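**Student:** everything below, folded, please.
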Amino acid sequence: IYIASLPFCKGLKDTERGPGDDFIILAAHQLVQASSGVKSSRNMINTAILAAELCLKHSAHNFQIKLLLARLYAHPSVGAPLRSLELFRSMDIKQIQLDALLHIVLSDLMRYGFFDEAVSLSRRLLDFHANYIREGPELAILAYQN
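**Tutor:** Presented below is the predicted three-dimensional model:
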């Protein structure tokens, strides 16, 4: 279905999602779910990665595919946390989004021993919270004044 949808992607801006992108997300989730407790689970995870990477090639800014790939690369049967981190960084996540999404890569970076990268991301999060504590009350007052 995804391959059949590719001709409809012509003329789309590179920031737009393709019409078949959701099929890749569904297929990848089905592969991950089916891989549970199966001897060929690594093959199924690799197939999900391959399909999602193909989709990312055609929809380079699709954040859902990037988040999915970040989780798949950090899967215990794959163990590629640096690719996961690369995808995470490519989304240019800032401020409150960092607070909400950092868990996607942080524990995996620590699990695989990439402590410097984990500390760097954690510092960014702590800086965000320190700035909020310092500037938040002032900004709240300003919001009610306008």
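**Student:** in the protein, what secondary structure element scores lowest on mean pLDDT?
**Tutor:** helix 2-5 (a mean of 81; mean pLDDT, DSSP states H and E).
**Student:** report all helices and strands that that one contacts.
**Tutor:** Helices and strands touching helix 2-5, by 3 or more Cβ pairs under 8 Å, 6 or more residues apart in numbering; DSSP states H and E, are helix 21-35, helix 41-58. C-betas here are computed from N, CA, C, even on glycine.
**Student:** report the distance from that helix to the chain centre.
**Tutor:** 23 Å (Cα atoms, centre = their mean, to the nearest Å).
**Student:** can I get the CA coordinates of that helix in PDB?
**Tutor:** Extracted in PDB, the C-alpha atoms of helix 2-5 (Å, rounded to 0.1, in the frame of the first residue of the first chain):
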ATOM      1  CA  TYR A   2       2.800   2.400   0.900                       C
ATOM      2  CA  ILE A   3       4.700   1.800  -2.400                       C
ATOM      3  CA  ALA A   4       1.400   2.400  -4.300                       C
ATOM      4  CA  SER A   5       0.900   5.700  -2.500                       C
END
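**Student:** isn't residue 102 up against residue 120?
**Tutor:** No - at 11.3 Å, residue 102 and residue 120 do not qualify as touching, with contact defined as Cβ atoms under 8 Å.
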